[in-house]
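**Q** Give the three-dimensional model of this entry:
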Amino acid sequence: MERIVSVFLVCAALSGLAAGPAPAEGYLTTVGEGADTIAVVVVRGVPYEMGHAFGALMKDEVAGCMGGYLAYARASGSPLYSNESLDAAWASVAPHTDQRFKDELRGLADGSGVPMEELIRAHMIPVVSPYACSGVAVWNEATANGNLYQIRNLDFTMDAGLQNYPVVVVYLPRRGLAHANVTFAGCIGCNTGMNAAGIALSEKGASPDDDMPYDLNGEHFMTLFRDMLYDADSLETAVRLVQDSPRIKKYRFYIGDGQGKKAVKIKAYAPNLTIWADNDPTDEVAPNILKNAIYYTMNNQAAFAHLTQNYGKYDAETMVALSRLVADEDGNLLNVVYDATALEFRVAYAEGAATAATRPYVALRLGDFLDYRPEGAVKTVGPPDRTQ
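**A** Now for the predicted structure:
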């Protein structure tokens, strides 16, 4: 079942800019029921304060999730996940990482009590690892109501137990756009998210083992995506941020603009970029291209067949069906379907050994959290005590 509380938006929240100084604070609530309950943490302030609130609200979960993630990686015995390797990865990407991320990470450490160096190492695991996913966006004539819908399937190992710590973090920053990060307890990097301007972000990894050792002298996509959620108020701005970033490894990015109703797919193989809009005969999936649609998935043939059969009919439910269709049966950790025009999204996490694609997709509205109303909160916190 879905629990959705309707509230009014306010202009300051939509822009992400507070009218004046506001105390840092946060609250924890939930959506969904039973095994499909998802924590929602809403935080506001400057990055350090928001990280501190996140850590304080989910102290046990952050320790369990990040600690378990590191323990799983270390148990592999691979030198890739040694402290030396993970610390070297951070030394490479840190000069290219926005200060907001570093400040929030410090706040997360102070709020949760998890050592900063361990949080950094946990965030470096995806930086040094290969993985693959799926993304699709459809809009205008391809959809039933003209809205822009987008999917993000995170096809990643379920053995690390990340799915046991689901959380959607809604950030209401003092400066920048309000945004949602669909993630795991303690992970402030962004695999996928959407901001109050209707910019939705998806990704597909494409760095094989054969490319190792990776050149990590640049910015990882998970911190780049956070930059974009803070700063991108249009598709054009989002694309420019990608172009200006010293990227690493090989990825495909899917950027949807729910207000402008358009999207692009970017083949971001560092240092090169190839950008495709819809119906582009140079697209890598040509001639299987369509107007008002971009895609690259784990099964492009199945995706194109579904897109062709359902063209003009897409809504949230039809996109959920497509998300399920193209998910990796061997490791599908998290799936999200966005209605970036309505600022709504549906989220499914894996449960135990059951992939995300087999689970219910729980509905949320970003607008329900933008004016910070903690009525019915499970837990609240105030500003961090800076005197200690």
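
**Q** where does the stretch 251-388 of the chain have low pLDDT?
**A** 384-388 (pLDDT under 70).

**Q** burial count for N272?
**A** Neighbourhood size, N272 [other Cβ atoms under 10 Å]: 9. Yep, even glycine has a C-beta here, placed from its N, CA and C like the rest.

**Q** Bridge partners for it, pull those for me.
**A** Y269 (DSSP bridges).

**Q** where's it relative to E219, distance?
**A** 15 Å (Cβ to Cβ, to the nearest Å).

**Q** what does H96 give?
**A** 4 Å.

**Q** Find the residues that touch each one of the two.
**A** 245-246 (Cβ atoms under 8 Å, 6 or more residues apart in numbering).

**Q** need the contact list for E284.
**A** 267, 276, 296.

**Q** Serialize those residues to TSV and add fields for secondary structure.
**A** What follows is these, written out as TSV (DSSP: H, G, I helix; E, B strand; the rest coil):
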residue	secondary structure
K267	strand
W276	strand
Y296	strand
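
**Q** would a markdown table of the residues you listed with distance to M194 and neighbour count be doable?
**A** Below are the contacts of E284 laid out as a markdown table (distance: Cβ to Cβ, whole Å; neighbours: other Cβ atoms under 10 Å):
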| residue | distance to M194 | neighbour count |
| --- | --- | --- |
| K267 | 22 | 18 |
| W276 | 21 | 21 |
| Y296 | 20 | 22 |
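
**Q** Switch those residues over to a markdown table, and while doing so, append distance to Y171 to every line.
**A** As requested, those are arranged in a markdown table below (distance: Cβ to Cβ, whole Å):
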| residue | distance to Y171 |
| --- | --- |
| K267 | 29 |
| W276 | 30 |
| Y296 | 28 |
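
**Q** about what we covered before: who's more crowded, H96 and E219?
**A** Set H96 next to E219 and count neighbours by other Cβ under 10 Å: E219 wins out with 22 against 17.

**Q** Neighbours of A305, how many?
**A** Neighbours of A305 (other Cβ under 10 Å): 13.

**Q** who are the neighbours of the helix or strand hosting it, in terms of helices and strands?
**A** Using DSSP states H and E, A305 sits in helix 300-309. Helices and strands touching helix 300-309, by 3 or more Cβ pairs under 8 Å, 6 or more residues apart in numbering; DSSP states H and E, are strand 134-140, strand 293-296, helix 316-325.

**Q** show me where this structure has helices.
**A** 11-15, 47-57, 59-75, 83-93, 99-112, 116-128, 221-231, 235-244, 300-309, 316-325 (DSSP state H).

**Q** tell me the most buried of the ones you listed?
**A** Neighbour counts (mean count of other Cβ atoms under 10 Å) averaged over each of those peak at helix 47-57, with a mean of 28.

**Q** Quick one: residues contacting L322.
**A** Applying Cβ under 8 Å, 6+ apart, the residues near L322 are 136, 151, 303, 306-307, 310, 314.

**Q** How much space separates it from A178?
**A** 28 Å.

**Q** so what's the residue most central in space within the chain up against?
**A** Nearest residue to the geometric centre of the chain (Cα atoms, centre = their mean): T192, 2.0 Å. Contact analysis of T192 by Cβ under 8 Å, 6+ apart lists 152, 154, 182, 200-203, 225, 334, 336.
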